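Asker: after the sequence you'll find the predicted model.
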Amino acid sequence: MIGLGLLLIAGLYICIVVAGSRKFKKNKLGLAIYWSLVILFPTWFFIGHKLYPSYHQFQALCEANDRKEIFETKAVDYLYLGRASSCERGLNYLNFYKGIECTFAPKEDNEPGAVKGLFRFSRGKSWTDSSCSEQCSSKPQKHEESECYLACSEKKIINSISNPYVFDYTRTPLVKKRLYLRETSMLENEEVLARSRNYTYYPFGEGAKMLNLSAGSAPYSNCDSSIFINVTDVFIPNNEKKAHSD
């Protein structure tokens, strides 16, 4: 996306080029050299960074095989969906885990509002009924999730999480003001269970914010594919662990 600042600079550049060309009207050789430089400068401006060693380093890092590392897997009965989760993704996980733990806002017919709390959900008696599967198919919308969970699962309030974990985020410069590493680590009791790496490249430098005034930051590129840690990469269903060991 071209920033507002870049459009302003392009407009100013065109005005300067047109004004400068008038000085070479009687000098054909000078005019030819002038227009060659006029074309060469913006070409280098937009694609010249692709010749920089830092850009080749960026491409190599994006293609590396170590961008996602799982150091340890743990077999669990109950899957904690994370502090920010409101249980939207939980139904699918109940097909594999004994239960899920997440923040949830129950809203009964006789309740005027909803209060979030830490809950554990497990498959209810009606989980395999056709009425339940139809009601909770695909991904329920937020305004439907309470009704869906209450109809198809059993819930109870819990005071602590079975398998707590946190994510730690760091941003490290690899090439000053051009190439940055964004690293995400999943930790349990300060032990690193998994790590993912993503990279950001600033072709004009991180300080070139004037080129992208509308966004308030310098133009940048990320890897073609972003790498994320899924909680199920580390905390696998107990029955799956048993199946691998048989």
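Answerer: Cool, got the structure.

Asker: distance of the residue lying closest to residue 222 once chain neighbours are set aside from residue 67?
Answerer: Nearest-residue entry for residue 222: residue 200, 5.6 Å, with adjacent residues in sequence omitted and distances by CB to CB, 6 or more residues apart in numbering. C-beta: built from backbone N, CA, C; applies to glycine. Separation of residue 200 from residue 67 (CB to CB, to the nearest Å): 13 Å.

Asker: and residue 168, by the same measure?
Answerer: For residue 168 relative to residue 67 (CB to CB), the value is 17 Å.

Asker: okay, the two: which has more neighbours?
Answerer: More crowded of residue 168 and residue 67, by other CB atoms under 10 Å: residue 67, with 18 against 12.

Asker: tell me the spatial nearest neighbour of residue 97, not counting adjacent residues.
Answerer: Using CB to CB, 6+ apart and skipping the chain neighbours, the partner closest in space to residue 97 is residue 79 (4.6 Å).

Asker: what is the neighbour count of the one you found?
Answerer: Residue 79: 24 surrounding residues under other CB under 10 Å.

Asker: would you map the strands across the protein?
Answerer: Counting by DSSP state E, one finds strands in the chain at the ranges 68-70, 74-76, 78-80, 99-104, 117-123, 153-157, 166-175, 179-188, 191-201, 221-222, 235-237.

Asker: what pairs with the fifth one, parallel or antiparallel?
Answerer: Yep, that's strand 117-123 we're talking about. Using DSSP bridges, the strands paired with strand 117-123 in its sheet are strand 99-104 (antiparallel), strand 153-157 (antiparallel).

Asker: who wins for proximity to residue 90 among those strands?
Answerer: strand 99-104 (4.5 Å; CB to CB).

Asker: tell me the average confidence for the closest one?
Answerer: The average pLDDT within strand 99-104 is 84.

Asker: for it, which positions count as buried?
Answerer: For strand 99-104, burial by neighbour count (16 or more other CB atoms under 10 Å) applies to 99, 100, 101, 102, 104.

Asker: quickly list the domain ranges of this structure.
Answerer: Domain assignment for the chain by automatic domain parsing gives 4-51, 53-72+163-245, 78-157.
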